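In: Provided below are the primary sequence and the corresponding predicted coordinates.
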Amino acid sequence: MACGEDAPVAPADPGPVTGHVAALSTYRAGLGTLIEAYGTQFPSPTEGRLSLVFRGEFRGDDGQVNPVEFSSPVRRVDSTTLRWTGFGPYHNPFRPGASPLGTMAGTVGVRLETPDGQIQDDAEPLALTFEVGPSLVVKELQPITASCNGGVLRALGGAPYRLSIEAHGFVPASYQIDFSAPNSPVRPVSIRSLAKGNSMMIGARGDFVLPEVPNGVPSYGAVLRLSAQDAAGKVYSSVFGLTVHRPIEVYYNGNVEIGEVLAPVPVSGCIPGGLNGRDAEYSEAESETRSRGYDISWNQSWLSQHTVEQGSGQTVGLSETNGVGFATTDGRSFSFSLGGEVGGSFGLSELVSLGVKTNTTVGNEQNQSNESSSSRESGVNSSSSTTETESLSQANEQGQSRGFAWEVSSSQQISRGFGGRIIAGSYGVFYRQTLRLVRRAAIVAYNQCGHAQVVGDVDFSDWAWSPDLALGPACPPLPVSNLPAASCLVPPCSNGS
């Protein structure tokens, strides 16, 4: 470079690619229709949250014109397809609170919200005209003991629900409601009825009960298909999904952290390689046993709101609007009440075991994540239909705490097939090292409207063992192990630190 010339300026980092919407799967639909957006370069979920942004105006069939500007989350299928399930079923998102029929004229584009809070919009949103046709609108879906001001996207298994739907843009002759739970043992339910007007309600007498969550699964996904047929035989439908939960569940996002590394200890004598070398195989002559367990810390304010009682079999009442009442005699077995005779029971120990096994296997290294255990609230959303994507900012002051423990030994975890080659003229010694693992899960409670709240923490202490074959030119002294030195990462540790 010649003297005095300016150095070339590196191009600025453009950041993540937002993507571009080129087309929708349909431009005329009734509420409850699944709509896909097709385009290019839609970023992966690791780069941030995606949503569709609509801008323009909506002209209703009643002549009213309303401005439109809203965003709705979508699920990325691949780099060219987004899936939007937010078109209904409770209202027309272009015009909430009014007759849903009409036409939206404007634009739609994709929006990326990065983990650091930056928002990037589609640089060239798609111009469109979208017609909202004859529809079935869900006016109400909630437990008969609740007042949720509309519908819920999370439901409670075993609770009786009332469901109200209303036809717009056509005259129904009959209605049909189908409830199914794909990929679960829950049996489908189908209800048919002749129409007595443009609206229908079921469950007002407690006869529409959502199936309980089966043993062995934390929750199940359900699909409600609402359909109506007019006098000419044309069928109009609305399909939407919801998750069905227990009133309390344990949510574990797969985090695992090494809390303590104990010093490696020799578990064999000196094994000579001889003149030609030899193969040696590890075997557990004397196993090591440790206590595996978990401690539960409850949120004190939640306890006081729900008056959870210890040492009494009395079922406590509802002290929270649309809440669920709980009672326990031993901290393990709980009963719950939704008011009156509606209620059930569950075992907390079973929920803890189930919650952990959902994402990871306790006691080995088959974990899906290496996040810090302090992120136990990551993945819990207070109002959306899943507990998979958001973080609930919940101050979780600690209250009552209980601990439970059981034992696990090194012989249950170290493979008998571990071994190695001791080269000629050297000596080998087997070592075993103990690791204390720390995991943290969240106890999540749902009220009758499906609102989620983190009401406690579950702290797991678990143990794992690592074998090693150390080689040296002589023995004694013992060959030095390749395993790491002892360290305390998450107190309290065995050495008192």
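Out: Thanks, I have the structure now. Numbering: from 1, shown residues only.
In: nearest spatial neighbour of Glu36, chain-adjacent residues omitted?
Out: Ser25 (4.1 Å; CB to CB, 6 or more residues apart in numbering). For the C-beta atoms, the positions are set from N, CA and C on the backbone; glycine is no exception.
In: next secondary structure element downstream of the strand or helix carrying Ala155?
Out: Element membership of Ala155 [criterion: DSSP states H and E] is strand 154-156. Using DSSP H and E, the helix or strand that follows strand 154-156 in sequence is strand 161-168.
In: can you give me the strands for the stretch 201-350 of the chain?
Out: Here the stretch 201-350 of the chain has its strands, by DSSP state E, counting those that start in this stretch, at 219-230, 235-245, 248-251, 257-261, 265-266, 271-272, 278-281, 289-299, 325-328, 333-339, 342-347.
In: which residues are in contact with the fifth one?
Out: Pointing back at strand 265-266 there. Val429, Phe430, Tyr431, Arg432, Gln433, Leu478, Ser481 (CB atoms under 8 Å, 6 or more residues apart in numbering).
In: nearest spatial neighbour of the fourth one, skipping sequence neighbours?
Out: Spelled out, that is Arg432. Arg432's closest residue in space is Val267 (CB to CB, 6+ apart), at 4.8 Å.
In: distance of that neighbour relative to Leu483?
Out: 12 Å (CB to CB, to the nearest Å).
In: joint contacts of these two?
Out: Tyr431.
In: re the thing from before, could you dump the strands of the stretch 201-350 of the chain to TSV with mean pLDDT and mean neighbour count?
Out: Below are these laid out as TSV (pLDDT from 0 to 100; neighbours: other CB atoms under 10 Å):
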stretch	mean pLDDT	mean neighbour count
strand 219-230	92	19
strand 235-245	92	19
strand 248-251	86	22
strand 257-261	92	18
strand 265-266	92	14
strand 271-272	94	16
strand 278-281	92	13
strand 289-299	80	18
strand 325-328	78	22
strand 333-339	78	19
strand 342-347	76	16
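In: which parts of stretch 178-185 are buried?
Out: Asp178, Phe179, Ala181, Ser184 (16 or more other CB atoms under 10 Å).
In: of those residues, which is the nearest to Glu249?
Out: Among those, Ser184 lies closest to Glu249 (CB to CB), at 15.2 Å.
In: contacting residues for the residue nearest to that closest one when sequence neighbours are not counted?
Out: In space, and not counting its chain neighbours, Ser184 is closest to Tyr220: 4.2 Å by CB to CB, 6+ apart. Contact partners of Tyr220, counting by CB under 8 Å, 6+ apart, are Gly157, Ala181, Asn183, Ser184, Val186, Val213, Pro214, Thr243, Val244.
In: and for Leu194?
Out: Contacts of Leu194 by CB under 8 Å, 6+ apart are Ala173, Ser174, Tyr175.
In: next one: Tyr161
Out: Neighbours of Tyr161 in contact, by CB under 8 Å, 6+ apart: Leu141, Gln142, Pro143, Ile144, Ala155, Gly203, Phe208, Val209, Leu210.
In: can you add pLDDT, neighbour count and distance to Trp298 and give those residues back as JSON lines?
Out: Below are these laid out as JSON lines (pLDDT from 0 to 100; neighbours: other CB atoms under 10 Å; distance: CB to CB, whole Å):
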{"residue": "Leu141", "pLDDT": "93", "neighbour count": "24", "distance to Trp298": "31"}
{"residue": "Gln142", "pLDDT": "91", "neighbour count": "23", "distance to Trp298": "27"}
{"residue": "Pro143", "pLDDT": "91", "neighbour count": "27", "distance to Trp298": "24"}
{"residue": "Ile144", "pLDDT": "89", "neighbour count": "20", "distance to Trp298": "29"}
{"residue": "Ala155", "pLDDT": "92", "neighbour count": "25", "distance to Trp298": "25"}
{"residue": "Gly203", "pLDDT": "90", "neighbour count": "21", "distance to Trp298": "33"}
{"residue": "Phe208", "pLDDT": "90", "neighbour count": "20", "distance to Trp298": "33"}
{"residue": "Val209", "pLDDT": "90", "neighbour count": "16", "distance to Trp298": "29"}
{"residue": "Leu210", "pLDDT": "90", "neighbour count": "22", "distance to Trp298": "27"}
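In: in a markdown table, list those along with distance to Lys234.
Out: Shown next, in a markdown table, are the contacts of Tyr161 (distance: CB to CB, whole Å):
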| residue | distance to Lys234 |
| --- | --- |
| Leu141 | 25 |
| Gln142 | 30 |
| Pro143 | 33 |
| Ile144 | 32 |
| Ala155 | 30 |
| Gly203 | 27 |
| Phe208 | 26 |
| Val209 | 31 |
| Leu210 | 30 |
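In: closest to Ile422 among those?
Out: Ala155 (61.9 Å).
In: nearest spatial neighbour of that closest one, chain-adjacent residues omitted?
Out: Val244 (4.8 Å).
In: now do Tyr252
Out: Using CB to CB, 6+ apart, the nearest residue to Tyr252 is Ala441, at 3.8 Å.
In: let me know the pLDDT of that neighbour.
Out: Looking at Ala441, its pLDDT stands at 86.
In: so who does it touch?
Out: Per CB under 8 Å, 6+ apart, neighbours of Ala441: Val250, Tyr251, Tyr252, Asn253, Val352, Gly355, Val356, Arg376, Asp457, Val458, Phe460.
In: for Thr85, state which of the residues you listed is nearest.
Out: Tyr251 (21.9 Å).
In: downstream of the helix or strand bottoming out on mean pLDDT in the chain, the next helix or strand is which one?
Out: When the helices and strands of the chain are scored by mean pLDDT, DSSP states H and E, strand 398-409 comes last with a mean of 51. The C-terminal neighbour of strand 398-409 among helices and strands, as given by DSSP H and E, is strand 419-422.
In: list the buried residues of that next one.
Out: Going by 16+ other CB under 10 Å, strand 419-422 has these buried residues: Gly419, Gly420, Ile422.
In: spatially nearest residue to the second one, not counting backbone neighbours?
Out: By that I understand Gly420. Using CB to CB, 6+ apart, the closest residue to Gly420 is Leu469 (3.9 Å).
In: my read: the one you found touches Ile423, true?
Out: No. The pair Leu469 / Ile423 is not scored as a contact, 11.1 Å apart, by CB atoms under 8 Å.
In: neighbour-wise, which of those two wins?
Out: Leu469 (21 against 14; other CB atoms under 10 Å).
In: what are the bridge partners for the residue nearest to Tyr252, then?
Out: Bridge pairing for Ala441 (DSSP bridges) gives the partners Val458.
In: among the contacts of Leu194, which ones are buried?
Out: By 16+ other CB under 10 Å, these give Tyr175 as buried.
In: and the average pLDDT for stretch 128-138 is what?
Out: 95.
In: what's that stretch in contact with?
Out: Residues contacting stretch 128-138 (CB under 8 Å, 6+ apart): 24, 27-32, 88-92, 94, 100-108, 151, 163-170, 226-228, 236-238, 240.
In: distance of Ala228 from Asn198?
Out: Ala228 is 9 Å from Asn198, by CB to CB.
In: I should have written Pro125 there, sorry.
Out: Distance from Pro125 to Asn198, by CB to CB: 36 Å.
In: and these two? Which one has more around it.
Out: Pro125 (20 against 15).
In: how many residues are close by the nearest residue to the more buried one once chain neighbours are set aside?
Out: Sequence neighbours aside, Gly109 is the residue nearest to Pro125 in space, at 3.2 Å (criterion: CB to CB, 6+ apart). Neighbour count of Gly109, defined by other CB under 10 Å: 22.
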